[in-house]
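S.K.: Dropping a prediction and its sequence here:
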Amino acid sequence: MVSVASPNKVVRPVKTDGSPLYPDYMPFYDPLEKVEDRGPFEHVDPGHRADPAKPNLLKHVTKMFDISPHVGTEIYGAQLSQLSPEGLDELALMAAERGCLVFRDQEFADIGFEAQKKIVSHFGPLHIHGWAPHPVNGPPEHMIIYDHKDDLRVRKSWARKSPIQFHTDQSPEPQTPGTTFICMLESPSGAGGDTIVSSSVRAYQRLSPLFRKRLEGLWAVHSNNDGATTEVKNNGTNAVQRRGVLTNKHPVVIVHPVTKQKALYVNPVYTKRIVGFDEEESDYLLKFLFDHIVRGQDFSCRVRYEPGTVLVWDQRITNHSQTLDYFPGERRHAFRLTPIANKPIPSKIDEDDNECMQEEERAMLNLC
Ligand SMILES: [Fe+2]
(Lines give C-alpha, C1' and ligand atoms only; values in the text may rest on other atoms or scores of the structure.)
Protein backbone atom coordinates (compact mmCIF):
# COMPACT_ATOMS: atom_id res chain seq x y z
CA MET A 1 0.00 0.00 0.00
CA VAL A 2 1.24 3.54 -0.71
CA SER A 3 -0.15 6.92 0.21
CA VAL A 4 -0.89 9.61 -2.34
CA ALA A 5 0.20 12.93 -0.86
CA SER A 6 0.92 16.47 -1.93
CA PRO A 7 1.39 19.52 0.30
CA ASN A 8 -2.23 20.63 0.15
CA LYS A 9 -4.04 17.35 -0.33
CA VAL A 10 -5.70 14.91 2.04
CA VAL A 11 -3.59 11.75 2.17
CA ARG A 12 -5.62 8.96 0.60
CA PRO A 13 -4.17 5.43 0.86
CA VAL A 14 -4.40 3.32 -2.31
CA LYS A 15 -3.13 -0.11 -3.33
CA THR A 16 -0.42 0.08 -6.00
CA ASP A 17 -2.05 -2.70 -8.05
CA GLY A 18 -5.39 -0.82 -8.17
CA SER A 19 -7.21 -3.41 -6.07
CA PRO A 20 -9.62 -2.27 -3.33
CA LEU A 21 -8.32 -1.30 0.10
CA TYR A 22 -11.05 -3.35 1.76
CA PRO A 23 -11.57 -6.55 -0.32
CA ASP A 24 -13.64 -8.17 2.45
CA TYR A 25 -16.25 -5.45 1.89
CA MET A 26 -16.63 -5.95 -1.86
CA PRO A 27 -20.29 -6.05 -2.97
CA PHE A 28 -22.04 -9.38 -3.47
CA TYR A 29 -25.31 -9.78 -5.38
CA ASP A 30 -27.27 -13.00 -4.86
CA PRO A 31 -30.48 -13.18 -6.92
CA LEU A 32 -31.69 -16.18 -4.90
CA GLU A 33 -31.38 -14.57 -1.48
CA LYS A 34 -34.62 -13.97 0.45
CA VAL A 35 -35.23 -12.20 3.76
CA GLU A 36 -38.41 -12.08 5.82
CA ASP A 37 -39.77 -8.66 6.77
CA ARG A 38 -39.22 -7.78 10.42
CA GLY A 39 -42.46 -7.56 12.35
CA PRO A 40 -43.47 -4.65 14.60
CA PHE A 41 -41.39 -4.03 17.74
CA GLU A 42 -41.27 -1.47 20.50
CA HIS A 43 -38.50 1.06 20.02
CA VAL A 44 -37.10 3.03 22.96
CA ASP A 45 -34.76 5.65 21.59
CA PRO A 46 -31.36 5.66 23.35
CA GLY A 47 -31.45 9.47 23.25
CA HIS A 48 -34.08 9.39 26.04
CA ARG A 49 -31.42 8.05 28.42
CA ALA A 50 -28.69 10.55 27.47
CA ASP A 51 -27.12 13.15 29.72
CA PRO A 52 -27.71 16.43 27.82
CA ALA A 53 -24.15 17.56 28.67
CA LYS A 54 -22.80 14.47 26.86
CA PRO A 55 -19.79 13.92 29.15
CA ASN A 56 -19.08 10.39 27.84
CA LEU A 57 -19.28 11.27 24.15
CA LEU A 58 -17.26 14.47 24.39
CA LYS A 59 -14.61 13.71 27.03
CA HIS A 60 -11.79 13.09 24.53
CA VAL A 61 -12.90 15.60 21.90
CA THR A 62 -10.05 17.85 20.75
CA LYS A 63 -11.90 19.95 18.19
CA MET A 64 -15.55 20.35 17.25
CA PHE A 65 -17.38 22.85 15.04
CA ASP A 66 -20.73 23.25 13.31
CA ILE A 67 -20.57 22.81 9.53
CA SER A 68 -23.66 24.96 9.01
CA PRO A 69 -26.05 26.65 11.44
CA HIS A 70 -28.96 24.24 11.02
CA VAL A 71 -27.32 20.87 10.39
CA GLY A 72 -23.99 19.14 10.81
CA THR A 73 -21.19 19.12 13.39
CA GLU A 74 -17.67 17.90 12.73
CA ILE A 75 -15.90 16.13 15.63
CA TYR A 76 -12.26 15.22 16.28
CA GLY A 77 -10.87 13.14 19.14
CA ALA A 78 -13.86 10.92 19.99
CA GLN A 79 -13.43 7.27 18.96
CA LEU A 80 -16.81 5.67 18.14
CA SER A 81 -15.50 2.13 18.72
CA GLN A 82 -14.51 3.06 22.30
CA LEU A 83 -17.79 4.62 23.44
CA SER A 84 -19.57 3.21 26.48
CA PRO A 85 -23.34 2.51 26.32
CA GLU A 86 -23.82 5.93 27.94
CA GLY A 87 -21.63 7.51 25.26
CA LEU A 88 -23.75 5.85 22.54
CA ASP A 89 -26.92 7.18 24.22
CA GLU A 90 -25.40 10.67 24.05
CA LEU A 91 -24.46 10.08 20.41
CA ALA A 92 -28.14 9.40 19.63
CA LEU A 93 -29.16 12.64 21.34
CA MET A 94 -26.50 14.74 19.64
CA ALA A 95 -27.35 13.31 16.21
CA ALA A 96 -31.00 14.20 16.91
CA GLU A 97 -30.01 17.74 17.87
CA ARG A 98 -27.60 18.41 15.00
CA GLY A 99 -29.03 16.20 12.23
CA CYS A 100 -25.62 14.79 11.32
CA LEU A 101 -22.23 14.31 12.98
CA VAL A 102 -18.99 13.83 11.06
CA PHE A 103 -16.41 11.85 13.03
CA ARG A 104 -12.83 12.01 11.71
CA ASP A 105 -9.89 9.62 12.19
CA GLN A 106 -11.98 6.64 13.21
CA GLU A 107 -10.80 3.02 13.56
CA PHE A 108 -14.38 1.85 12.90
CA ALA A 109 -13.54 0.47 9.41
CA ASP A 110 -11.00 -1.93 10.93
CA ILE A 111 -12.83 -3.46 13.90
CA GLY A 112 -14.66 -6.19 11.93
CA PHE A 113 -18.25 -6.92 10.93
CA GLU A 114 -19.52 -8.14 14.29
CA ALA A 115 -18.06 -5.29 16.36
CA GLN A 116 -19.45 -2.79 13.86
CA LYS A 117 -22.90 -4.37 14.06
CA LYS A 118 -22.83 -4.49 17.85
CA ILE A 119 -22.15 -0.74 18.12
CA VAL A 120 -24.82 0.34 15.63
CA SER A 121 -27.40 -2.15 17.01
CA HIS A 122 -27.41 0.04 20.12
CA PHE A 123 -29.78 2.33 18.18
CA GLY A 124 -32.21 -0.36 16.96
CA PRO A 125 -32.39 -3.64 15.02
CA LEU A 126 -30.41 -3.40 11.79
CA HIS A 127 -32.22 -3.08 8.49
CA ILE A 128 -31.65 -5.48 5.59
CA HIS A 129 -32.04 -3.85 2.18
CA GLY A 130 -34.32 -5.29 -0.51
CA TRP A 131 -31.73 -5.32 -3.30
CA ALA A 132 -28.51 -3.47 -2.36
CA PRO A 133 -25.39 -5.66 -1.97
CA HIS A 134 -23.68 -6.88 1.19
CA PRO A 135 -20.13 -8.26 1.58
CA VAL A 136 -19.58 -11.69 0.02
CA ASN A 137 -18.67 -13.26 3.35
CA GLY A 138 -20.28 -10.60 5.49
CA PRO A 139 -23.60 -9.96 7.17
CA PRO A 140 -26.63 -8.91 5.10
CA GLU A 141 -27.04 -5.89 7.39
CA HIS A 142 -23.86 -4.33 5.97
CA MET A 143 -25.18 -2.39 2.96
CA ILE A 144 -22.31 -1.85 0.57
CA ILE A 145 -21.94 1.37 -1.40
CA TYR A 146 -19.58 0.73 -4.31
CA ASP A 147 -18.80 2.61 -7.49
CA HIS A 148 -15.80 1.72 -9.67
CA LYS A 149 -15.04 0.89 -13.29
CA ASP A 150 -15.13 -2.84 -12.39
CA ASP A 151 -18.70 -2.53 -11.04
CA LEU A 152 -20.90 0.25 -12.41
CA ARG A 153 -24.16 -1.40 -11.30
CA VAL A 154 -25.19 1.38 -8.92
CA ARG A 155 -24.03 4.20 -11.20
CA LYS A 156 -26.10 2.71 -14.04
CA SER A 157 -29.20 2.82 -11.83
CA TRP A 158 -28.85 6.63 -11.88
CA ALA A 159 -28.40 6.87 -15.65
CA ARG A 160 -30.54 9.49 -17.42
CA LYS A 161 -31.51 11.28 -14.21
CA SER A 162 -29.85 13.64 -11.81
CA PRO A 163 -27.88 11.83 -9.12
CA ILE A 164 -29.06 14.56 -6.74
CA GLN A 165 -31.99 12.73 -5.17
CA PHE A 166 -32.79 13.79 -1.62
CA HIS A 167 -34.30 11.06 0.50
CA THR A 168 -34.60 9.45 3.89
CA ASP A 169 -33.31 5.90 3.63
CA GLN A 170 -36.06 3.29 3.65
CA SER A 171 -38.95 5.64 4.46
CA PRO A 172 -41.41 3.04 3.03
CA GLU A 173 -40.72 0.80 6.05
CA PRO A 174 -43.52 0.72 8.67
CA GLN A 175 -40.94 1.65 11.34
CA THR A 176 -38.33 3.86 9.73
CA PRO A 177 -34.56 4.27 10.27
CA GLY A 178 -33.08 6.38 13.10
CA THR A 179 -29.40 6.92 14.03
CA THR A 180 -27.54 5.63 10.96
CA PHE A 181 -23.83 5.12 10.17
CA ILE A 182 -21.89 5.42 6.91
CA CYS A 183 -18.29 4.31 7.19
CA MET A 184 -16.08 5.41 4.29
CA LEU A 185 -13.57 2.75 3.20
CA GLU A 186 -12.06 4.30 0.07
CA SER A 187 -12.77 7.64 -1.59
CA PRO A 188 -12.09 8.96 -5.10
CA SER A 189 -8.56 10.34 -5.45
CA GLY A 190 -9.54 13.99 -5.59
CA ALA A 191 -12.50 15.87 -4.23
CA GLY A 192 -16.02 14.50 -4.68
CA GLY A 193 -18.38 11.76 -3.63
CA ASP A 194 -19.63 13.89 -0.74
CA THR A 195 -23.01 13.47 0.97
CA ILE A 196 -25.36 16.45 1.19
CA VAL A 197 -27.47 16.42 4.36
CA SER A 198 -30.53 18.65 4.66
CA SER A 199 -32.38 19.51 7.87
CA SER A 200 -36.05 18.53 7.73
CA VAL A 201 -36.63 20.46 10.96
CA ARG A 202 -35.47 23.70 9.37
CA ALA A 203 -37.23 22.83 6.10
CA TYR A 204 -40.46 22.79 8.12
CA GLN A 205 -39.65 25.92 10.13
CA ARG A 206 -38.92 27.89 6.95
CA LEU A 207 -42.53 27.52 5.78
CA SER A 208 -45.13 30.11 6.80
CA PRO A 209 -47.12 29.32 9.95
CA LEU A 210 -50.33 29.12 7.95
CA PHE A 211 -48.79 26.71 5.45
CA ARG A 212 -47.26 24.61 8.23
CA LYS A 213 -50.69 24.34 9.78
CA ARG A 214 -52.11 23.08 6.47
CA LEU A 215 -49.48 20.33 6.33
CA GLU A 216 -50.10 19.06 9.85
CA GLY A 217 -52.53 16.21 9.92
CA LEU A 218 -51.78 15.18 6.32
CA TRP A 219 -50.46 11.71 5.56
CA ALA A 220 -48.46 10.55 2.55
CA VAL A 221 -47.84 7.22 0.82
CA HIS A 222 -44.18 6.09 0.66
CA SER A 223 -43.14 3.24 -1.65
CA ASN A 224 -39.91 1.71 -2.96
CA ASN A 225 -41.65 0.38 -6.05
CA ASP A 226 -39.54 2.49 -8.45
CA GLY A 227 -36.22 1.25 -7.05
CA ALA A 228 -37.35 -2.38 -7.08
CA THR A 229 -38.55 -2.02 -10.69
CA THR A 230 -35.24 -0.43 -11.78
CA GLU A 231 -33.29 -3.28 -10.15
CA VAL A 232 -35.23 -5.85 -12.22
CA LYS A 233 -35.13 -3.75 -15.42
CA ASN A 234 -31.35 -3.20 -15.20
CA ASN A 235 -30.26 -6.64 -14.01
CA GLY A 236 -32.84 -9.14 -15.32
CA THR A 237 -32.28 -12.63 -13.94
CA ASN A 238 -29.38 -11.30 -11.83
CA ALA A 239 -31.68 -8.85 -10.03
CA VAL A 240 -31.71 -9.11 -6.25
CA GLN A 241 -35.23 -9.27 -4.85
CA ARG A 242 -34.54 -10.13 -1.23
CA ARG A 243 -37.82 -8.66 -0.02
CA GLY A 244 -41.15 -7.61 -1.53
CA VAL A 245 -42.08 -4.02 -2.45
CA LEU A 246 -42.80 -1.87 0.61
CA THR A 247 -45.62 0.68 0.75
CA ASN A 248 -46.70 2.53 3.90
CA LYS A 249 -48.40 5.76 4.95
CA HIS A 250 -46.60 8.27 7.18
CA PRO A 251 -47.49 11.71 8.55
CA VAL A 252 -46.27 14.64 6.42
CA VAL A 253 -45.11 16.40 9.59
CA ILE A 254 -43.57 14.21 12.28
CA VAL A 255 -42.24 14.76 15.79
CA HIS A 256 -38.83 13.46 16.86
CA PRO A 257 -39.40 11.09 19.80
CA VAL A 258 -36.60 12.63 21.93
CA THR A 259 -36.23 16.31 21.00
CA LYS A 260 -39.95 16.72 20.16
CA GLN A 261 -38.94 18.91 17.24
CA LYS A 262 -41.29 18.90 14.25
CA ALA A 263 -39.88 17.84 10.89
CA LEU A 264 -41.15 17.69 7.32
CA TYR A 265 -41.27 14.00 6.45
CA VAL A 266 -41.54 13.73 2.68
CA ASN A 267 -38.82 13.00 0.13
CA PRO A 268 -38.62 12.98 -3.68
CA VAL A 269 -37.45 9.37 -3.92
CA TYR A 270 -40.08 7.51 -1.90
CA THR A 271 -43.06 9.81 -1.24
CA LYS A 272 -45.67 9.14 -3.92
CA ARG A 273 -48.89 10.94 -2.99
CA ILE A 274 -50.80 12.77 -0.30
CA VAL A 275 -53.56 10.64 1.18
CA GLY A 276 -57.03 12.03 0.43
CA PHE A 277 -55.89 14.58 -2.17
CA ASP A 278 -56.84 14.21 -5.81
CA GLU A 279 -53.91 13.37 -8.07
CA GLU A 280 -53.31 16.89 -9.39
CA GLU A 281 -53.53 18.39 -5.90
CA SER A 282 -51.10 15.83 -4.53
CA ASP A 283 -48.63 16.30 -7.41
CA TYR A 284 -48.78 20.07 -6.99
CA LEU A 285 -48.14 20.02 -3.24
CA LEU A 286 -45.40 17.38 -3.39
CA LYS A 287 -43.62 19.21 -6.22
CA PHE A 288 -43.56 22.35 -4.08
CA LEU A 289 -42.25 20.47 -1.03
CA PHE A 290 -39.59 18.59 -3.03
CA ASP A 291 -38.41 21.85 -4.67
CA HIS A 292 -38.33 23.44 -1.22
CA ILE A 293 -35.98 20.68 0.02
CA VAL A 294 -33.72 20.69 -3.05
CA ARG A 295 -33.52 24.51 -3.00
CA GLY A 296 -32.71 24.55 0.71
CA GLN A 297 -29.00 25.33 0.52
CA ASP A 298 -29.46 27.39 3.68
CA PHE A 299 -30.57 24.38 5.71
CA SER A 300 -28.15 21.80 4.36
CA CYS A 301 -24.47 20.93 4.67
CA ARG A 302 -22.02 19.00 2.55
CA VAL A 303 -20.04 16.20 4.18
CA ARG A 304 -16.61 15.60 2.68
CA TYR A 305 -15.08 12.20 3.39
CA GLU A 306 -11.48 11.67 4.42
CA PRO A 307 -9.83 8.35 5.28
CA GLY A 308 -11.32 7.25 8.61
CA THR A 309 -14.49 9.35 8.34
CA VAL A 310 -17.74 8.00 9.78
CA LEU A 311 -20.96 9.92 9.20
CA VAL A 312 -23.65 9.42 11.86
CA TRP A 313 -27.02 10.99 11.15
CA ASP A 314 -30.62 10.90 12.29
CA GLN A 315 -32.81 9.90 9.37
CA ARG A 316 -36.01 11.15 11.00
CA ILE A 317 -35.03 14.81 10.82
CA THR A 318 -32.91 14.93 7.65
CA ASN A 319 -32.91 14.17 3.97
CA HIS A 320 -29.65 13.40 2.19
CA SER A 321 -28.29 12.96 -1.32
CA GLN A 322 -25.20 11.53 -2.96
CA THR A 323 -23.25 13.79 -5.31
CA LEU A 324 -21.58 11.40 -7.85
CA ASP A 325 -19.43 14.32 -9.07
CA TYR A 326 -16.08 12.53 -9.35
CA PHE A 327 -14.72 10.98 -12.53
CA PRO A 328 -16.68 7.80 -13.50
CA GLY A 329 -14.55 4.73 -12.93
CA GLU A 330 -12.86 6.00 -9.77
CA ARG A 331 -13.45 3.90 -6.67
CA ARG A 332 -15.87 5.03 -3.96
CA HIS A 333 -16.41 2.32 -1.38
CA ALA A 334 -18.33 2.52 1.90
CA PHE A 335 -20.80 0.61 4.01
CA ARG A 336 -23.96 1.67 5.76
CA LEU A 337 -25.53 0.22 8.89
CA THR A 338 -29.14 1.31 9.32
CA PRO A 339 -30.98 0.80 12.62
CA ILE A 340 -34.76 0.79 12.48
CA ALA A 341 -36.42 3.09 14.99
CA ASN A 342 -39.96 4.21 15.80
CA LYS A 343 -43.05 4.40 13.64
CA PRO A 344 -43.10 8.06 12.47
CA ILE A 345 -45.03 10.11 15.05
CA PRO A 346 -47.61 12.57 13.68
CA SER A 347 -47.13 16.17 14.80
CA LYS A 348 -50.65 16.27 16.11
CA ILE A 349 -53.42 13.75 16.61
CA ASP A 350 -55.38 13.30 13.43
CA GLU A 351 -58.99 14.11 14.18
CA ASP A 352 -61.00 12.40 11.48
CA ASP A 353 -64.38 14.10 11.37
CA ASN A 354 -65.53 11.63 8.72
CA GLU A 355 -66.27 14.51 6.35
CA CYS A 356 -64.78 12.65 3.42
CA MET A 357 -66.95 9.59 3.94
CA GLN A 358 -70.03 11.81 3.84
CA GLU A 359 -69.29 12.60 0.19
CA GLU A 360 -70.90 9.64 -1.51
CA GLU A 361 -68.81 9.81 -4.70
CA ARG A 362 -65.51 9.76 -2.81
CA ALA A 363 -66.62 7.01 -0.45
CA MET A 364 -67.75 4.91 -3.43
CA LEU A 365 -64.33 5.21 -5.09
CA ASN A 366 -62.41 4.51 -1.86
CA LEU A 367 -60.89 7.98 -2.01
CA CYS A 368 -61.06 8.58 1.75
FE1 LIG B 1 -29.35 7.13 1.16
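M.R.: That came in fine, so what should we check first?
S.K.: so where's the longest helix in the protein?
M.R.: If you go by DSSP state H, the chain has its longest helix at helix 279-294.
S.K.: Look up how far Ile182 lies from the residue positioned nearest the centre of the chain.
M.R.: For the chain, the residue nearest the mean C-alpha position is Asp169 (3.9 Å; Cα atoms, centre = their mean). Going from Asp169 to Ile182 by Cβ to Cβ, to the nearest Å gives 10 Å. In short, each C-beta sits where N, CA and C put it, glycine included.
S.K.: where do the contact lists of the two overlap?
M.R.: Any residue near both Asp169 and Ile182 by Cβ atoms under 8 Å, 6 or more residues apart in numbering counts here, and that gives Arg336.
S.K.: Correct me if wrong: the residue nearest to the centre of the chain contacts Thr180.
M.R.: Yes: counting by Cβ atoms under 8 Å, Asp169 does reach Thr180; the two are 6.6 Å apart.
S.K.: shared neighbours of these two, which are they?
M.R.: Gln315, Arg336, Thr338.
S.K.: Go through those and flag which are in strands.
M.R.: Cross-referencing the shared contacts of Asp169 and Thr180 against strands under DSSP state E gives Arg336.
S.K.: What subset of the shared contacts of Asp169 and Thr180 is buried?
M.R.: With neighbours counted by 16 or more other Cβ atoms under 10 Å, those contain buried members at Gln315, Arg336, Thr338.
S.K.: Relative to Ser282, which of those is nearest.
M.R.: Closest to Ser282 out of these is Gln315 (23.4 Å), distances taken as Cβ to Cβ.
S.K.: Setting aside sequence neighbours, what's the nearest residue to that closest one?
M.R.: Spatial nearest neighbour of Gln315, excluding adjacent residues (Cβ to Cβ, 6 or more residues apart in numbering): Pro177 at 4.2 Å.
S.K.: OK, contacts around that neighbour?
M.R.: Pro177 touches Gly124, His127, Thr168, Asp169, Gln170, Gln315, Arg316, Thr338, Pro339, Ile340, Ala341, counting by Cβ under 8 Å, 6+ apart.
S.K.: Highest neighbour count among those?
M.R.: Arg316 (31 neighbours; other Cβ atoms under 10 Å).
S.K.: Now do the same contact list for that one.
M.R.: Residues near Arg316 by Cβ under 8 Å, 6+ apart: 96, 168, 176-178, 200, 254, 256-257, 263, 265, 341-342, 344.
S.K.: again, only using 6 Å
M.R.: Counting by Cβ atoms under 6 Å, 6 or more residues apart in numbering, Arg316 makes contact with His256.
S.K.: Which pLDDT value does the model give it?
M.R.: Predicted confidence (pLDDT) at Arg316: the value is 98.
S.K.: what helix or strand does Cys183 sit in?
M.R.: For Cys183, the host element (DSSP states H and E) is strand 179-186.
S.K.: I'd like the distance from the helix or strand just after that strand to the chain centre, please.
M.R.: Where DSSP H and E defines the elements, the next helix or strand beyond strand 179-186 is strand 195-199. The chain centroid and the centroid of strand 195-199 are separated by 10 Å under Cα atoms, centre = their mean, to the nearest Å.
S.K.: pLDDT on strand 195-199, on average?
M.R.: In this model, strand 195-199 has an average pLDDT of 98.
S.K.: The helix or strand following it - contacts with which helices or strands?
M.R.: Toward the C-terminal end, the helix or strand that comes next after strand 195-199 (DSSP H and E) is helix 200-205. Counting contacts by 3 or more Cβ pairs under 6 Å, 6 or more residues apart in numbering; DSSP states H and E, helix 200-205 is packed against strand 262-264.
S.K.: Give the pairing partners of the strand it packs on; include direction for each.
M.R.: Looking at strand 262-264 with DSSP bridges, its partner strands are strand 253-255 (antiparallel).
S.K.: Could you give the separation of the strand it pairs with from the chain centroid?
M.R.: With Cα atoms, centre = their mean, you get 17 Å for strand 253-255.
S.K.: neighbouring contacts of stretch 251-270?
M.R.: Contacts of stretch 251-270 (Cβ under 6 Å, 6+ apart): 45, 47-48, 96, 165-168, 171-172, 200-201, 203-204, 215-216, 218-220, 222, 250, 289-290, 316-317, 319, 342, 344-347.
S.K.: of those residues, buried ones?
M.R.: In those, the ones that pass as buried (16+ other Cβ under 10 Å) are 45, 47, 96, 165-168, 171-172, 200-201, 203-204, 215, 218-220, 222, 250, 289-290, 316-317, 319, 342, 344-347.
S.K.: In strands, which of these appear?
M.R.: Residues of the buried ones among the contacts of stretch 251-270 located in strands (DSSP E): Trp219, Ala220, His222, His250, Asn319, Ile345, Pro346.
S.K.: which residues of this protein score low on pLDDT?
M.R.: The model of the chain has pLDDT under 70 over residues 1-9, 349-352.
S.K.: which parts of the longest helix of the chain are buried?
M.R.: Applying a neighbour-count criterion of 16+ other Cβ under 10 Å, one finds Ser282, Leu285, Leu286, Leu289, Phe290, His292, Ile293, Val294 buried in helix 279-294.
S.K.: Using a markdown table, please lay out these together with distance to Pro307.
M.R.: Below are the buried residues of helix 279-294 laid out as a markdown table (distance: Cβ to Cβ, whole Å):
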| residue | distance to Pro307 |
| --- | --- |
| Ser282 | 45 |
| Leu285 | 43 |
| Leu286 | 39 |
| Leu289 | 37 |
| Phe290 | 34 |
| His292 | 35 |
| Ile293 | 31 |
| Val294 | 30 |
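S.K.: between those, which is closest to Tyr76?
M.R.: Among the buried residues of helix 279-294, Ile293 lies closest to Tyr76 (Cβ to Cβ), at 29.8 Å.
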